[in-house]
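Enquirer: when you get a sec, could you give me coordinates for this:
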Amino acid sequence: MYRFLLKILWVCVALTVVRSAHAQIDSSSIYKDVEQSVYQIQVVNQLSRKKTAIGSGFVVLEPNILATNYHVVSTYVNDPEGFDLDYLSTSGKTGKLELLAVDVIHDLAVLRADEPLGLPLSIAPVPQKGARLYSLGNPLDLGFSIIEGTNNGVMKNSDDSNILFSGSLNPGMSGGPTLNEQGSVIGVNVATSGNEISFLVPAQYLAIILERLKLTGFEPDGDIDQRIAEQLQDHAAKYINDLGKAKWTNLSIGKLKVPGDIDGFVRCWDNSSKADPDDLMRVNYTRCSNDSNIYLDDGLEVGSFAYEYIWLSSDKMIAPRFYRSYETQNSSVLDNSAGKNDVTNFVCHTGFTQVAEQEYKMTVCRRDYLNYAGLSDVMVTGAMVGHKQQGMLFNLDMIGVDFESGMQLAQRMLGDFKWQK
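Expert: The predicted structure follows:
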């Protein structure tokens, strides 16, 4: 019996060693096979000839075609007269790159070199959850590297349907490929949240761009800015439409029932402070937001959608004092750092209207994007009036939307307010 158990133990140990060796062989084999197909992408200042941004890229479809992230090359896209795009191989070889196309919605860009760079990597569907993956790139400008991780599935509560990768991507790896165990690209490195949690853009979106370019003989898009504007307009229109069709839940705030989570798009969190018996005013605060930020340039992102409810009440303050305190709470600041070169000044309109059988002071503010026609930032704020010792504030912020579509969605939200008697 003892010898039998000993044999089983040795078999288990042997299998463990074989599996470990196999995993190491897979990793080293992938490293060797694709090293010549992965490059560092550099954005270089034309005056100083110094790098201002770096990322990774990989050869795909044709020997002189590379894919990367849009955010890696965004400085060049927004100022092509002041910057160049270069590549750097693991052997130290450098050369110039030409921008062919971008997809800002999925943070992708396609580039072309003036000579063959390596063997194109193939594109494959996302493997089953739990599959082993290998992410490649140039972390922290330290040279070629490979990170092993696991496919944790496509994110269900996110707008962009990115892949959750249980590996730690470092700065400089953005734009590099993530491969399955057969060496095919299933995703493009895009971001990390630290703690071994990173995100990948599914390679299917890259395949769409490549197919379009193939049909045109890889002619570069003539007006990149116009193409970006069209992508943003189409995405904004579809997004607002999808929000309207999604399942809306309700939540209670004070004496009101209001829209809460929007299934697959928006999640709500209670941020109320802990109640203190000595407080003169009780405040209940709920904030709801999506998880969509489309990167355009440093300090400029669009796509966010957020709303918040603040219910205030007091039985310890006389009406005039409560009203003064209530007024100080009625303010909203847009969480967006677009500057004067990006957008117009806000234009606001204020009036009174009935919402859920209550009178509200409503303000609508709008500013338009200078370089992306048809896109606006919209702020809708509302303050319930007519009550001596209670009130409710509502703020809705929409970044980079079609104004008319955004206002239709705001009306839908306000129409779902219900007063609980």
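Enquirer: can you give me the strands for the stretch 151-300 of the chain?
Expert: Ranges of strands within the stretch 151-300 of the chain are 163-165, 177-179, 185-194, 197-202, 248-253, 256-262, 267-270, 282-289, 294-297, 300-302, based on DSSP state E, counting those that start in this stretch.
Enquirer: what about the first one, average pLDDT?
Expert: Taken as a whole, strand 163-165 has a mean pLDDT of 90.
Enquirer: can I get the strands of the stretch 151-300 of the chain in CSV with mean neighbour count?
Expert: C-beta: built from backbone N, CA, C; applies to glycine. Output for the strands of the stretch 151-300 of the chain, formatted as CSV (neighbours: other C-beta atoms under 10 Å):
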stretch, mean neighbour count
strand 163-165, 23
strand 177-179, 28
strand 185-194, 22
strand 197-202, 23
strand 248-253, 15
strand 256-262, 19
strand 267-270, 14
strand 282-289, 17
strand 294-297, 20
strand 300-302, 21
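Enquirer: looking at those strands, spot the one closest to residue 316.
Expert: Proximity to residue 316 (C-beta to C-beta) singles out strand 282-289 among the strands of the stretch 151-300 of the chain, at 9.5 Å.
Enquirer: what helices and strands are in contact with that closest one?
Expert: In terms of contact count using 3 or more C-beta pairs under 8 Å, 6 or more residues apart in numbering; DSSP states H and E, strand 282-289 is assigned the packing partners strand 248-253, strand 256-262, strand 267-270, strand 305-313.
Enquirer: now do it, average pLDDT.
Expert: Averaged over strand 282-289, pLDDT sits at 92.
Enquirer: mind listing the strands that strand pairs with, and their directions?
Expert: In the sheet containing strand 282-289, the strands it pairs with under DSSP bridges are strand 267-270 (antiparallel), strand 305-313 (antiparallel).
Enquirer: which one of these lies closest to residue 39?
Expert: For those, distance to residue 39 was read as C-beta to C-beta. The smallest value, 36.3 Å, belongs to strand 305-313.
Enquirer: between strand 248-253 and that closest one, find me the angle.
Expert: With axes from the mean of the first three to the mean of the last three C-alpha atoms, to 10 degrees defining the directions, strand 305-313 sits at 30 degrees from strand 248-253.
Enquirer: quick one: mean pLDDT over strand 305-313.
Expert: The predicted model assigns strand 305-313 a mean pLDDT of 93.
Enquirer: averaged pLDDT, the helix or strand that comes right after that strand. What do you get?
Expert: On the C-terminal side of strand 305-313, the nearest following helix or strand under DSSP states H and E is helix 319-329. Averaging pLDDT along helix 319-329 gives 76.
Enquirer: residue 137 touches residue 38, doesn't it?
Expert: Yes - the pair formed by residue 137 and residue 38 meets the contact definition of C-beta atoms under 8 Å, at 7.0 Å.
Enquirer: mutual contacts of these two, please.
Expert: 56, 144, 176 (C-beta atoms under 8 Å, 6 or more residues apart in numbering).
Enquirer: for the first one, give me its contacts.
Expert: Right, the one you point to is residue 56. With contacts defined as C-beta under 8 Å, 6+ apart, residue 56 is in contact with 38-41, 68, 72, 136-138, 172-176, 189.
Enquirer: just residue 262 next, same as before
Expert: Contact partners of residue 262, counting by C-beta under 8 Å, 6+ apart, are 243, 246, 247, 248, 249, 288.
Enquirer: distance of the last one from residue 344?
Expert: Summarising the geometry, the distance separating residue 288 from residue 344, computed by C-beta to C-beta, to the nearest Å, is 27 Å.
Enquirer: could the strands paired with strand 282-289 go into a markdown table alongside distance to residue 88?
Expert: Compiled in a markdown table, the strands paired with strand 282-289 are given as follows (distance: least, C-beta to C-beta, whole Å):
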| stretch | distance to residue 88 |
| --- | --- |
| strand 267-270 | 41 |
| strand 305-313 | 39 |
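Enquirer: so which residues of the stretch 51-200 of the chain form helices?
Expert: Assignment of helices within the stretch 51-200 of the chain using DSSP state H, counting those that start in this stretch yields the ranges 70-78.
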